[in-house]
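> Predicted model and sequence follow; I will ask about them next.
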Amino acid sequence: MSHPDSFPARAVVDLDAIAGNVARLAGYARGAQVMAVVKADAYGHGLVPAAQAAQAGGATWLGVAQLAEAMDLREAGVAGRILTWIFSPGADLARALALDLDLSVGAPWALAEVEAAARATGRTPRVHLKVDTGLGRGGQFLPAWSDMLADALRAQAEGVLEVVGVWSHLASAEDVTSPVTDAQLEVFTEAVARAEAGGAHLEVRHLSNSAATIVNPAMRFDLVRPGLAVFGLSPVPGRASAELGLRPAMRVEAAVMLVKDARAGQGVSYGHTYTTAADTVLADIPLGYADGIPRHASNAGPMLLGGRVRRIAGRVCMDQVVVDLEGDRGVRAGDVAVLFGPGDDGEPTAQDWAEAAGTISYEIVTRLGARIPRVYTGTAGLPA
Ligand SMILES: *Cc1c(COP(=O)(O)O)cnc(C)c1O
């Protein structure tokens, strides 16, 4: 967004909250290292500032899904270990090695391409072999994983690469009673044993996302990989951020564009799915689904405006939503509506929005539109 001062809304990101959350997660991790997962533009918070704040809070690793995101981090001058786990055949792995990235390998083709990039560049890739312990997504299931392990250890013996990690991802980490989680732990333990028996000198074994970091000590191993909790959102259903010692790092606010009187019986927004019950006052808020306000939050999404939490009236439009002020004449154009934040002033949270839209808080923050300017408060991670 090239003219942030002319945009009527902003996302205020508290860097100190990010650093504080990482420190809190390090406490849960009890000696395991913390990899702050900053994929998807740091869950919408801004990749580089969030990564640096996480490092200031004690994250010794950063994790991103896309290789391109890892490249962006390093090219922005971010130091330290960075792991990436999503790239497809033909990706520029020579560049990845030049940038000193750690690479996940979850398929035979990826191992072959990492080896080829190593031979072409003379560099020694650090590889984390991904085992599918039951999520049914990335990595190889155990029998095939063992074949991939054998190939990787052969390449290691030739001095082409180093197997530094074995890792996996959980299907139901937030549910401590899930038998799936127990089964995944068992498979993971077996994979690690096979790697070590085969001659791998593993630096890090890692399995835990935010939820497992907080609720499941058996899963922590050498390194935990929290994402959502780094940004202060709760990964544990039914437990609020504050209960877990976390602080939501983002506040989204918009300046009211228009306030006007409306008669009883006035249909509001496309399709007239809302009708005013009495003579009232309507406020027009300049954010819509193009900004990541879920259309599923039509007639439901909350915001703090004029000292009260009010809900969207009618459908969410591309660039605007309407709020029925229910006759309140205290709100003026230019007043600030807070859509979500940490909750300090009674504003809704990203979790409240998730519930209003039938989704999860992850989706609320990661889909926040790129055109909403990110503004930073706090100093964590900034140059002294
Ligand atoms: C996104 C992701 C994480 C972080 O998950 P949270 O639930 O946000 O903590 C960890 N590991 C992998 C592989 C991921 O894709």
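Looks like it came in fine. All figures in this text were calculated on a predicted structure; none of them were measured in a lab.
> burial of Val163, as a residue count?
23 (other C-beta atoms under 10 Å). All C-beta spots, glycine's among them, are computed from the backbone N, C-alpha and C.
> Who is it paired with across the strands?
Going by DSSP bridges, Val163 is paired in beta bridges with Val127.
> what does the one 4 residues further on give?
With DSSP bridges as the criterion, Trp167 is bridged to Lys130, His206.
> Could you pull up the contacting residues of it?
For Trp167, the contact set (C-beta atoms under 8 Å, 6 or more residues apart in numbering) comprises Ser104, His128, Leu129, Lys130, Val131, Val204, Arg205, His206, Leu207.
> how much space is there between the second one and the ligand?
Taken as C-beta to the nearest ligand atom, to the nearest Å, the spacing of His128 relative to the ligand amounts to 10 Å.
> Next, count neighbours for that residue.
Neighbours of His128 (other C-beta under 10 Å): 24.
> Name the nearest of the contacts of Trp167 relative to Ala36.
Top of the list for closeness to Ala36, among these and by C-beta to C-beta, is His206 at 12.8 Å.
> Generate JSON lines for the contacts of Trp167, with pLDDT as supplementary columns.
Supplementary listing: the contacts of Trp167 in JSON lines, determined by pLDDT from 0 to 100:
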{"residue": "Ser104", "pLDDT": "98"}
{"residue": "His128", "pLDDT": "98"}
{"residue": "Leu129", "pLDDT": "98"}
{"residue": "Lys130", "pLDDT": "98"}
{"residue": "Val131", "pLDDT": "98"}
{"residue": "Val204", "pLDDT": "98"}
{"residue": "Arg205", "pLDDT": "98"}
{"residue": "His206", "pLDDT": "98"}
{"residue": "Leu207", "pLDDT": "98"}
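> filter those to the buried ones?
Among the contacts of Trp167, those classed as buried by 16 or more other C-beta atoms under 10 Å are Ser104, His128, Leu129, Lys130, Val131, Val204, Arg205, His206, Leu207.
> how about the residues of the stretch 1-150 of the chain near the ligand?
Of all the residues in the stretch 1-150 of the chain, those in contact range of the ligand (C-beta under 6 Å from any ligand atom) are Val37, Lys39, Ala65, Trp85.
> what's the closest of the residues you listed to the ligand?
Comparing those against the ligand with C-beta to the nearest ligand atom places Val37 closest, at 4.1 Å.
> what's the burial count for the spatially closest residue to the closest one that is not a sequence neighbour?
Nearest residue to Val37, sequence neighbours excluded (C-beta to C-beta, 6 or more residues apart in numbering): Gly227, at 3.4 Å. Residues within reach of Gly227, counting by other C-beta under 10 Å, total 23.
> Offset the numbering so it begins at 22, please.
Happy to do that; since the first residue is 22 now, the last one works out to Gly248.
> Gly248 contacts Asp62, correct?
No: using C-beta atoms under 8 Å as the test, Gly248 is too far from Asp62 to be in contact (11.9 Å).
> quick one on the thing from earlier: quick one: which of the residues of the stretch 22-171 of the chain next to the ligand has the most company?
Counting neighbours by other C-beta under 10 Å, Val58 comes out on top of these with 26 neighbours.
> pLDDT at it, what is it?
Listed pLDDT for Val58 reads 98.
> and it, bridged to which residues?
Gly84.
> Tell me which residues touch it, please.
By C-beta under 8 Å, 6+ apart, the contact list for Val58 reads Leu83, Gly84, Val85, Asn230, Arg246, Pro247, Gly248, Val251.
> Kindly recompute the last result at 7 Å.
With contact taken as C-beta atoms under 7 Å, 6 or more residues apart in numbering, Val58 is in contact with Gly84, Arg246, Pro247, Gly248, Val251.
> Kindly provide the distance from it to Thr370.
20 Å (C-beta to C-beta, to the nearest Å).
> What is the neighbour count of Thr210?
15.
> Show the contacting residues for it.
Counting by C-beta under 7 Å, 6+ apart, Thr210 has no contacts.
> And for Leu120, the neighbour number?
When neighbours are defined as other C-beta under 10 Å, Leu120 has 16 of them.
> ok, Tyr321 touching Ala334?
One correction, residue 321 is Ala, not Tyr. No: with contact defined as C-beta atoms under 7 Å, Ala321 and Ala334 do not form a contacting pair (10.2 Å).
> between these two, who's got more neighbours?
Between Ala321 and Ala334, counted using other C-beta under 10 Å, Ala334 has the larger neighbour count: 25 against 16.
> Next one: the more buried one relative to Gly292, how far apart?
Separation of Ala334 from Gly292 (C-beta to C-beta): 12 Å.
> what residues are shared contacts of those two?
Common contacts of Ala334 and Gly292 (C-beta under 7 Å, 6+ apart): none found.
> on that earlier part again, going by neighbour count, which of the contacts of Val58 comes out on top?
When neighbours are counted by other C-beta under 10 Å, Val251 leads the contacts of Val58 with 32 neighbours.
> Closest to Thr297 out of the contacts of Trp188?
For those, the residue nearest Thr297 by C-beta to C-beta is Leu228; the value is 52.8 Å.
> what residues are up against that closest one?
The contact partners of Leu228, taken as C-beta under 7 Å, 6+ apart, are Trp188, Ser189, Leu191, Phe209, Met240, Phe242.
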